[in-house]
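Undergrad: Return a 3D structure for these sequence lines:
(chains A and B)
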Amino acid sequence: EAGVVQSPRYKIIEKKQPVAFWCNPISGHNTLYWYRQNLGQGPELLIRYENEEAVDDSQLPKDRFSAERLKGVDSTLKIQPAELGDSAVYLCASSSSSGLGGYTFGSGTRLTVV
Amino acid sequence: QKEVEQDPGPLSVPEGAIVSLNCTYSNSAFQYFMWYRQYSRKGPELLMYTYSSGNKEDGRFTAQVDKSSKYISLFIRDSQPSDSATYLCAMTSGGSNYKLTFGKGTLLTVNP
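TA: As a prediction, this is how the structure comes out:
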C-alpha cells in the first residue's frame, strides 16, 4: 500500500504568488485532513473532509486558502496570494472509521514564501 | 493556555537509557490519545494509540494515560540511536475520523 501521497515535496515561491498542493489518500479512507505545521510546532488542522464534503473548515483562512476534494478521493489545497507567514509544512492525512490505527499522514509539502 | 502542553526539550540520552516523554491537557473531552514519531523532513508516523486510562505496551514502547490528572506519557526502554526523532502527542474527542490536537513535540537524541 502506497500510503498518503503528497506533491510537490518542496515549493519555493515569491509572496503574492499562488500555490497548490495535491494529496492522494489511502485507498478506502473516506476522511481526509489538511494540517499545517509551523517550525517547532505540532500540526494544526486546516480542514477535514468526509468524502467530498468539508465538515470542519473553521481554521481555514478563507480569504486566501481554498480546498477541494472532487469525487471524494484526491484533494487540492490552494493559497492565493501567498504571504510570508504561510511558510510551513502542509500535511495531508487520511483515516477510516475502522479505528485510530489507520490515521496516517503523508510526508508533507514544505512551502517557503520569499 | 494551549489545550495540549508538551515540553519541547531537546532531550539527549545515551543509548540504552529509558526515556520518558510527557504531555498534559486541559480539555476533558479528549478521550483518545496517540503518540507520533516524526523524523526530520518526514510526516508524523503513528506509534501508539489508546482509548482509556492505564498502560499499553508495544515492544520497547509503553503509553500511559491518567485521565484524572489529564496527563499522558510515553516510555521508551533500551533506547536506540534510531529512536532519535521528534515525538508528538496527539489527542481527540471524536474517535477515528476527527481532528487531532497536537503538542509541540519533544526532540529526542539518543547518542551511541
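
Undergrad: can you list the residues of chain A near chain B?
TA: A:4, A:30-31, A:33, A:40-45, A:48, A:50, A:56, A:91, A:95-108, A:110 (Cβ under 8 Å from any Cβ of the partner chain). Backbone N, C-alpha and C define where each C-beta goes, glycine included.

Undergrad: List phi and psi for residue B:88.
TA: When read as degrees, to the nearest 10, the backbone of residue B:88 gives phi -110, psi 130.

Undergrad: That one and residue B:101 touch, don't they?
TA: No - in this structure, residue B:88 is not within contact of residue B:101 by Cβ atoms under 8 Å, at 10.7 Å.

Undergrad: need the contact list for the residue positioned nearest the centre of chain A.
TA: Geometric centre of chain A, nearest residue: residue A:34, 3.1 Å, by Cα atoms, centre = their mean. By Cβ atoms under 8 Å, 6 or more residues apart in numbering or on different chains, the residues touching residue A:34 are A:23, A:45-47, A:67, A:75, A:77, A:90-92.

Undergrad: what do you get if the cut-off is 7 Å, keeping everything else the same?
TA: Residues near residue A:34 by Cβ atoms under 7 Å, 6 or more residues apart in numbering or on different chains: A:46-47, A:67, A:77, A:90, A:92.

Undergrad: how about whatever residue of chain A ends up closest to chain B, what does it touch?
TA: Per Cβ to the nearest Cβ, residue A:42 is where chain A lies closest to chain B, at 2.9 Å. Applying Cβ under 7 Å, 6+ apart to residue A:42 gives the contacts B:88, B:102-105.

Undergrad: quick check, nearest of those to chain A?
TA: The closest of the contacts of residue A:42, once distances to chain A are taken by Cβ to the nearest Cβ, is residue B:102, at 2.9 Å.
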